[in-house]
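# just a sequence and a predicted model for now, questions to come.
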Amino acid sequence: MFNRPFVRRFLGVSITFLLWILPFGQSASADEIDRYIRRDLQASEPVSIAIDSAGNEREFSPQSLERGKQLFDESCLFCHIRGSNVPFPTVSLSLQDLAGATPPRDNIQGFVDYMRAPMTYDGSDYTPWCREVSESWMSQEQIEDLAAFVIRAAQKDPAWGSKQFEVSL
């Protein structure tokens with residue numbers, strides 16, 4: 001029914017195809033990571049981010065950063081386009097500005113504390129400009145993912161937190 005050259009050719013092509021496609025199949029999960037997270041934030045593997053002002057760190061997976069990006073896009077993007085601050089352009093989400101806040105917001109706990117109870121940049125008063133994020137709105141894991149995304153973007157994306165805007169018509 002099948003001649004031998006056909007069977008050999010079929011097996012050869014099948015084996016070649018499998019050997020060629022298998023390595024790509026193993027990296028499929030890396031390809032599924034958001035391009036911005038993978039390329040601009042350099043997070044195709046878990047990354048360490050400070051969790052407190054003492055410098056303790058925790059690893060966040062690319063998937064956690066991606067969830068944080070999605071939460072940021074859904075909840076923060078209107079006022080904080082690419083880490084800027086539309087209501088107060090002189091204070092952005094840059095790493096320098098996050099670190100300069102009182103208390104500092106350049107670590108997960110500081111950023112989460114701010115999101116749960118927003119205070120002015122100098123920490124002297126409540127601010128109505130940023131919405132308070134209750135536990136019923138975002139779980140602790142969700143808000144930590146959002147904080148990790150913002151901090152990682154501030155660390156790695158040179159355009160993040162820019163205070164200059166270009167308008168083109």
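Structure's in. What do you need? Bear in mind that the values here come from a model prediction, so they are computed numbers and not experimental data.
# please name the nearest non-neighbouring residue to the residue most central in space within the chain.
Closest to where the C-alpha atoms of the chain average out (Cα atoms, centre = their mean) is residue 149, at 2.9 Å. Spatial nearest neighbour of residue 149, excluding adjacent residues (Cβ to Cβ, 6 or more residues apart in numbering): residue 68 at 2.9 Å. (Each C-beta comes from the backbone N, C-alpha and C, glycine too.)
# was I right to think that neighbour contacts residue 147?
Yes - counting by Cβ atoms under 8 Å, residue 147 is a contact partner of residue 68 at 7.1 Å.
# among the two, which residue is more densely surrounded?
Set side by side, residue 68 and residue 147 show more neighbours around residue 147, with 27 against 24, by other Cβ atoms under 10 Å.
# measure that one to residue 164 for me?
Distance of residue 147 to residue 164, given as Cβ to Cβ, to the nearest Å: 25 Å.
# next one: residue 72
Distance of residue 72 to residue 164, computed by Cβ to Cβ: 21 Å.
# who's more crowded, the two?
residue 72 (19 against 6).
# residue ranges with poor pLDDT in this protein?
Residues of the chain that meet the criterion pLDDT under 70 lie in 1-31, 165-169.
# repeat that with 80
The model of the chain has pLDDT under 80 over residues 1-31, 164-169.
# and the helices in it, which stretches?
4-26, 28-32, 35, 62-75, 95-100, 108-116, 140-156 (DSSP state H).
# pretty sure residue 147 sits against residue 115.
Yes - counting by Cβ under 8 Å, residue 147 does reach residue 115; the two are 7.2 Å apart.
# please report the distance of residue 46 from residue 152.
Here the distance between residue 46 and residue 152 works out to 11 Å (Cβ to Cβ).
# ok, back up a step: contacting residues around the residue nearest to the centre of the chain?
For residue 149, the contact set (Cβ atoms under 8 Å, 6 or more residues apart in numbering) comprises 65, 67-69, 71-72.
# could you dump these into JSON lines with distance to residue 104 added?
JSON lines is the format used below for the contacts of residue 149 (distance: Cβ to Cβ, whole Å):
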{"residue": "65", "distance to residue 104": "21"}
{"residue": "67", "distance to residue 104": "24"}
{"residue": "68", "distance to residue 104": "19"}
{"residue": "69", "distance to residue 104": "22"}
{"residue": "71", "distance to residue 104": "21"}
{"residue": "72", "distance to residue 104": "19"}
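# for these, which one is nearest residue 85?
Distance to residue 85, by Cβ to Cβ, is smallest for residue 72 among the contacts of residue 149, at 13.4 Å.
# quick one: the closest one and residue 153, what's the gap?
Distance, residue 72 to residue 153, using Cβ to Cβ: 8 Å.
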